[in-house]
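Engineer: The amino acid sequence is not available; the structure is as follows:
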């Protein structure tokens, strides 16, 4: 499934990828705890849209509506990263990575992980 969520939809998906299954209330609480000023009904409407689009599924358990993501986190992130790479960086993964690492102080542990990944890619 090729699916590129809006920013609001992505926030909901990120919560679900972390704590699914989840109720609308628990999703709303997580988003609000992250400092986003968004109403419960707004989150509910977004969840309904995501369900209509086939990105979420709903299950009713003991009267509670529980939601799970159908779309896979890795697939969505790959599609989003690919779109950014094509549109903002002319298709250059190198330019995208250099820009991302150049804008903020990179964590030494993350840089080591990147180095290990690059070393493994070179061995293939």
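Structural biologist: Cool, got the structure. Please read these numbers as outputs of a predicted model, since none were measured by experiment.

Engineer: Can you list the low-confidence ranges for the chain?
Structural biologist: 1-3, 103 (pLDDT under 70).

Engineer: can you pull out the helices in it?
Structural biologist: 7-19, 24-33, 40-52, 73-88, 93-103, 108-123 (DSSP state H).

Engineer: Can you list the neighbours in contact with the last one?
Structural biologist: The reference is to helix 108-123. residue 101 (C-beta atoms under 8 Å, 6 or more residues apart in numbering). Using the backbone N, CA and C atoms, a C-beta is placed for each residue, glycine as well.

Engineer: Would you mind measuring from residue 89 to residue 79?
Structural biologist: From residue 89 across to residue 79, the span is 15 Å (C-beta to C-beta, to the nearest Å).

Engineer: Could you do residue 95 as well?
Structural biologist: Taking C-beta to C-beta, one finds residue 95 at 19 Å from residue 79.

Engineer: who has more neighbours, these two?
Structural biologist: Using other C-beta atoms under 10 Å, the more surrounded residue of residue 95 and residue 79 is residue 79, with 16 against 13.

Engineer: Thought residue 10 was touching the more buried one, still the case?
Structural biologist: No - between residue 79 and residue 10 there is no contact, the gap being 11.2 Å when judged by C-beta atoms under 8 Å.

Engineer: ok, residue 9 - contacts?
Structural biologist: Residue 9 touches 46, 49, 50, 55, counting by C-beta under 8 Å, 6+ apart.
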